[in-house]
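Engineer: coords please:
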Amino acid sequence: MTAEASPTTAAVPDGLEPRPLSADESRALAERHALMQIGVRPPLTAYVRDLWRKRHFIWTLASSQAYAAHQKYLLGQVWAVLNPLLLVASYYLIFGVLLNTRRGTANYLGFLTIGIFLFSFIASSMTSGAKAITNNIGLVRSLRFPRAVLPIAVTLTQLIHTLPALGVLVLLMLVTGEPIQLEWLMLPVAIVLLFLNVLGITFFLARIVEISRDIGNLVPVVTRLLRYISGVFFSIDSYAGHPVVHAIMAYQPVSLPLTIMREALLSESPIHLGNWLLALGWALVLPITGFLFFWRAEARYGRAS
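Structural biologist: Okay, the predicted model is just below:
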C-alpha cells in the first residue's frame, strides 16, 4: 500500500520519507489545479478571455449604476435628458445670440444640440473613467477580476445614461426642420465609433490617475479645454483659418465623432468618407493601445502606496 502524499510533497513508496516538491513541480501542480500567482500580470490572451467571461457582470454593473445615477432626485431619470437640454438653452443664448458663432451653419440649433449632447457623454466618461480604479479601490483590493472591467463599465454606464438624450436628439432634429434621410441610418455607427474612442481615452486616464491621483484634478481642466477646441459651439471649418490649426482641431479624436454625427443627422453636412475612415482609425487605435497600456499595469492596481 502506497503512502498518500500531501499536496506539497511527492508520492514515494512506503517506508521512505516524502520529499518536498521542487519549484518546477509546485508550479506545475498549481497550473494543473488552475491556481494563479497573485501580484503578477496575467498573459494577455488569458486576460482577454477572463474579461470576456465577465461580460455579463460588466453589463449588470453598468446598467445598475446608470439607473441609480438620478434615483435620489425627484425627477429621477428625467435629468438624463433635462440636463443637456438646459445646457443647449444656455449655450445657444451665449454663443448663438450674444457671441453669434453661427457662421457656417444653417441649422445652428441642431448643430449645437449634437455638440452639447455628445460632448456631455465624452466629458462625463473622461471624468468618471479617470477614477475608475481609485473610486473602487476597496473592490480592487478585496476581489480578483480583470481590472479592465472597471473602465469599461464606467464608459458603458455613461453611454446607457446618454441613450435617452440621444433619442431626444433625433426628435429635436425633426423639430429644427431636418428631413428624415438615408444618412440617419449611419447614426448607430457614429455612436459605436464615439463609444470606442472614449473607451480608449478612459483606459489611458484610469491608469495615469491610479499612478498619480493629483493628475485627476487636471482632468476637468482638460475636458474644459476640449470643449472649446472641438467645435462644440462653432464650425471649425469657418473659424479655424490656419491649415495646421484646422487639422489639429478637426481631426483629433474628440471633435471627429461630433463631425460624423452631424454628417449623419444634418442635411447641410454631407457625409465625407475620409472623416468616417479617420474616425474608424481612431476607434481602432485608441481602444487597443489604451487597453494594452492599462493591462501592463494590471499587477499594481490596488497595491498600497
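
Engineer: please make it C-alpha for all contacts and neighbour counts, starting now.
Structural biologist: OK.

Engineer: where does pLDDT dip in the stretch 201-305 of the chain?
Structural biologist: Residue ranges of the stretch 201-305 of the chain with pLDDT under 70: 304-305.

Engineer: all helices for it, in order.
Structural biologist: For the stretch 201-305 of the chain, applying DSSP state H, counting those that start in this stretch gives helices covering 219-229, 236-239, 243-251, 255-265, 273-295.

Engineer: go through those and name the closest to Thr105.
Structural biologist: Smallest distance to Thr105 across these (C-alpha to C-alpha): 8.9 Å, for helix 236-239.

Engineer: returning to that earlier point: most packed of the helices of the stretch 201-305 of the chain?
Structural biologist: Highest mean neighbour count among those (mean count of other C-alpha atoms under 10 Å): helix 255-265, with a mean of 26.

Engineer: check which helix or strand covers the spatially most central residue of the chain.
Structural biologist: Compute the mean C-alpha point of the chain, and by C-alpha atoms, centre = their mean the closest residue is Leu199, 2.6 Å away. Here Leu199 sits within helix 187-211, counting by DSSP states H and E.

Engineer: what angle separates that helix from helix 273-295?
Structural biologist: Orientation check (axes from the mean of the first three to the mean of the last three C-alpha atoms, to 10 degrees): helix 187-211 against helix 273-295 gives 30 degrees.

Engineer: and the angle from helix 187-211 to helix 255-265?
Structural biologist: Counting by the same axes, to 10 degrees, helix 187-211 points 160 degrees away from the direction of helix 255-265.

Engineer: outside of helix 187-211, which residues touch it?
Structural biologist: Helix 187-211 has contacts (C-alpha atoms under 8 Å, 6 or more residues apart in numbering) with 122, 125-126, 129-134, 148, 151-152, 155, 159, 215-216, 253-254, 257, 260-261, 264-265, 279-280, 282-284, 286-291, 293-294, 297, 301.

Engineer: try it again with 7 Å
Structural biologist: Here helix 187-211 makes contact (C-alpha atoms under 7 Å, 6 or more residues apart in numbering) with 122, 126, 129-134, 151-152, 155, 215-216, 253, 257, 260-261, 264, 279-280, 282-283, 286-287, 290-291, 293-294.

Engineer: cool, and stretch 282-298?
Structural biologist: Residues outside stretch 282-298 that contact it (C-alpha under 7 Å, 6+ apart) are 41, 147, 193, 196-197, 199-201, 203-204, 207, 253.

Engineer: returning to that earlier point: next one: the residue nearest to the centre of the chain from Ile191, what distance?
Structural biologist: 12 Å (C-alpha to C-alpha, to the nearest Å).

Engineer: list the residue ranges of the stretch 1-150 of the chain that fall below the pLDDT cut-off.
Structural biologist: Residues of the stretch 1-150 of the chain meeting the criterion pLDDT under 70: 1-39, 69-77, 79.

Engineer: who does the helix or strand where Tyr67 lies touch, helix- and strand-wise?
Structural biologist: In the assignment (DSSP H and E), Tyr67 maps to helix 55-68. If you count contacts as 3 or more C-alpha pairs under 7 Å, 6 or more residues apart in numbering; DSSP states H and E, helix 55-68 packs onto helix 149-175.

Engineer: now the helix it packs on: buried residues?
Structural biologist: Neighbour counts over helix 149-175 (16 or more other C-alpha atoms under 10 Å) mark 149-162, 165-166, 169-170, 172-173 as buried.

Engineer: could you export stretch 114-124 as PDB, CA atoms only?
Structural biologist: Extracted in PDB, the C-alpha atoms of stretch 114-124 (Å, rounded to 0.1, in the frame of the first residue of the first chain):
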ATOM      1  CA  ILE A 114     -25.500  67.500 -31.400                       C
ATOM      2  CA  GLY A 115     -22.300  69.100 -30.000                       C
ATOM      3  CA  ILE A 116     -23.700  69.500 -26.500                       C
ATOM      4  CA  PHE A 117     -25.300  66.100 -26.200                       C
ATOM      5  CA  LEU A 118     -22.300  64.200 -27.400                       C
ATOM      6  CA  PHE A 119     -19.700  66.200 -25.600                       C
ATOM      7  CA  SER A 120     -21.600  65.700 -22.300                       C
ATOM      8  CA  PHE A 121     -21.100  62.000 -22.800                       C
ATOM      9  CA  ILE A 122     -17.400  62.400 -23.600                       C
ATOM     10  CA  ALA A 123     -16.700  64.700 -20.600                       C
ATOM     11  CA  SER A 124     -18.600  62.600 -18.100                       C
END
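
Engineer: sweet, I'm off.
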